[in-house]
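Chemist: Need a 3D model of the sequence below.
(chains A and B)
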Amino acid sequence: MEGLFDFAQDLGAALSWLLPFLCYVGGGCFLLSGVMGIFQRSSISNGLLSKGVVPEMMILVGATFLSFPEFLNMGNRTLGFEGNASIGASSKVSFSSDALLTAAQGGPLAALTAILNVFHVYFAAYGALIVYFAIVRQMGRAKGANNSSSGLNMVMGIAGFLVMNADVLGPALLKELKLVQ
Amino acid sequence: MTQTSRTHLKRSLLVATPALSALSSLALASAAHAQAIDDITRDATQKGMNAFGMALNAFCFIGGGLLLAMAIFGWWQHQRNPNAGSKPGMIIAGFICGGVLLAFPFLAKTASFTMFGTAPSVTGEQQQMKFDK
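Modeler: Purely as a prediction, here's the structure:
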């Protein structure tokens, strides 16, 4: 079991390395495509011209990806969560089984909270990744590259924020359903 | 191939196979050493970021320079023969977009400031995203 928790934390750390990389590559590409799209619009008759303000939207999405922690914080505040995303030098997460052992004696709510705390990095990074891909999908829809619906992409983004805060939502739901005192 | 050489081959294979497998298990033991997925991702993304940064730099420099050159040449062509197809709109857009590509960090900074009021936090350096509570 300890191995599983350790692995989950490693996965979370891997995703949190992957996210800035994706934001850098995605944001840079979107900014470039935006500038090239603006040029295309005036040079050839049917580039992104037929797609309204797609190049401008690409520049805004590129800027969003380059400031992705700010976007995540904005979304978290909007949904009323207190989680805070930031970017910085590496730090290793470590797992100790003592926290789980003491929590197991404190009843089901404490145990669930402790388990979700262990998975916190994984959930947070995975949720942020879902938000990232929701934005990419919506941009693809604007370009006409995929046939996803705006509503679905919006739900995907909001659900990403919910996954990010699974360690807040889980115990809150249990309390709301009156499953624990 | 004669019968004797075939048996000889079989026998030497019989000896070689266990020896090889023992050697390969020794050689693979170091490679299969448990390496955490986060370390692998960190190293891989570091290389990817370096590669993308260089490609971006090259694209912006070459693409921006080409656009400016195209715009100047298109202007000259437009003066020579206005009906040749080099539209003034394309020439102006070429100047602007070429300039923007050459000053790409300025665009990234301005766009990020416009959206969130801060400089871009993802700058191409190896960083880790952190989630505090």
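
Chemist: Please name every helix or strand in contact with the longest helix belonging to chain A.
Modeler: With secondary structure taken from DSSP state H, chain A has its longest helix at helix A:2-43. For helix A:2-43, the packing partners by 3 or more C-beta pairs under 8 Å, 6 or more residues apart in numbering or on different chains; DSSP states H and E come out as helix A:54-66, helix A:68-78, helix A:108-118, helix A:120-143, helix B:37-80, helix B:88-102, helix B:104-116, strand B:128-132. C-beta here means a position set from N, CA and C on the backbone, and glycine is covered the same way.

Chemist: What's the first helix or strand after the second one?
Modeler: Read that as helix A:68-78. Downstream of helix A:68-78, the first helix or strand assigned by DSSP states H and E is strand A:84-88.

Chemist: ok, residues contacting that following strand?
Modeler: Applying C-beta atoms under 8 Å, 6 or more residues apart in numbering or on different chains, the contact partners of strand A:84-88 are A:20, A:68-69, A:72-73, A:76, A:124, A:128, B:121-122, B:127-133.

Chemist: Please see if the following helix or strand past that strand touches chain B.
Modeler: From strand A:84-88 onward toward the C-terminus, using DSSP H and E, the following helix or strand is helix A:97-104. No. Helix A:97-104 lies out of reach of chain B by C-beta under 8 Å from any C-beta of the partner chain, never closer than 14.6 Å.

Chemist: Could you check helix A:97-104 and say which residues are buried?
Modeler: Across helix A:97-104, burial judged by 16 or more other C-beta atoms under 10 Å in any protein chain shown covers A:100, A:103.

Chemist: picking that back up, just the buried residues from the contacts of strand A:84-88, in ChimeraX please.
Modeler: Buried subset of those, written as a ChimeraX selection, criterion 16+ other C-beta under 10 Å:
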select /A:20,68,69,72,73,76,124,128 /B:121,122,127,128,129,130,131
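
Chemist: Surely residue B:90 and residue A:42 touch.
Modeler: Yes. Counting by C-beta atoms under 8 Å, residue A:42 is a contact partner of residue B:90 at 5.1 Å.

Chemist: Name all residues that make contact with the residue most central in space within chain A.
Modeler: Centroid-nearest residue in chain A, with C-alpha atoms, centre = their mean: residue A:128, separated by 1.1 Å. Going by C-beta under 8 Å, 6+ apart, residue A:128 touches A:15, A:19, A:68, A:72, A:85, A:160, A:164, B:129, B:131.

Chemist: Recalculate using a threshold of 10 Å.
Modeler: By C-beta atoms under 10 Å, 6 or more residues apart in numbering or on different chains, the residues touching residue A:128 are A:15-16, A:19, A:22-23, A:68-69, A:71-72, A:75, A:85, A:160-161, A:163-164, B:129, B:131.

Chemist: again, but for residue B:78
Modeler: Applying C-beta under 10 Å, 6+ apart, one finds that residue B:78 lies in contact with B:84-88, B:90-91.

Chemist: Quick one: buried ones out of the residues you listed?
Modeler: For the contacts of residue B:78, buried by 16+ other C-beta under 10 Å: B:86-87, B:90-91.

Chemist: Straight-line length of stretch A:58-75, end to end?
Modeler: Start to finish, the residues bounding stretch A:58-75 are 20 Å apart (C-alpha to C-alpha, to the nearest Å).

Chemist: how about it, does it reach chain B?
Modeler: Yes. Contact between stretch A:58-75 and chain B, assessed by C-beta under 10 Å from any C-beta of the partner chain, occurs at A:59-74.

Chemist: So which bits of that stretch are buried?
Modeler: The neighbour-count check on stretch A:58-75 (16+ other C-beta under 10 Å) flags A:58-73, A:75 as buried.

Chemist: Same check on stretch B:45-57?
Modeler: Neighbour-count burial for stretch B:45-57 [16+ other C-beta under 10 Å]: B:45, B:49, B:52-53, B:56.

Chemist: which regions of chain B sit below the pLDDT cut-off?
Modeler: Applying pLDDT under 70 to chain B flags residues B:1-35.

Chemist: re earlier: columns distance to residue A:5 on top of the helices and strands packed on helix A:2-43, output as JSON lines?
Modeler: Below are these laid out as JSON lines (distance: least, C-beta to C-beta, whole Å):
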{"stretch": "helix A:54-66", "distance to residue A:5": "31"}
{"stretch": "helix A:68-78", "distance to residue A:5": "24"}
{"stretch": "helix A:108-118", "distance to residue A:5": "5"}
{"stretch": "helix A:120-143", "distance to residue A:5": "10"}
{"stretch": "helix B:37-80", "distance to residue A:5": "14"}
{"stretch": "helix B:88-102", "distance to residue A:5": "47"}
{"stretch": "helix B:104-116", "distance to residue A:5": "35"}
{"stretch": "strand B:128-132", "distance to residue A:5": "17"}
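
Chemist: Good, wrapping up.
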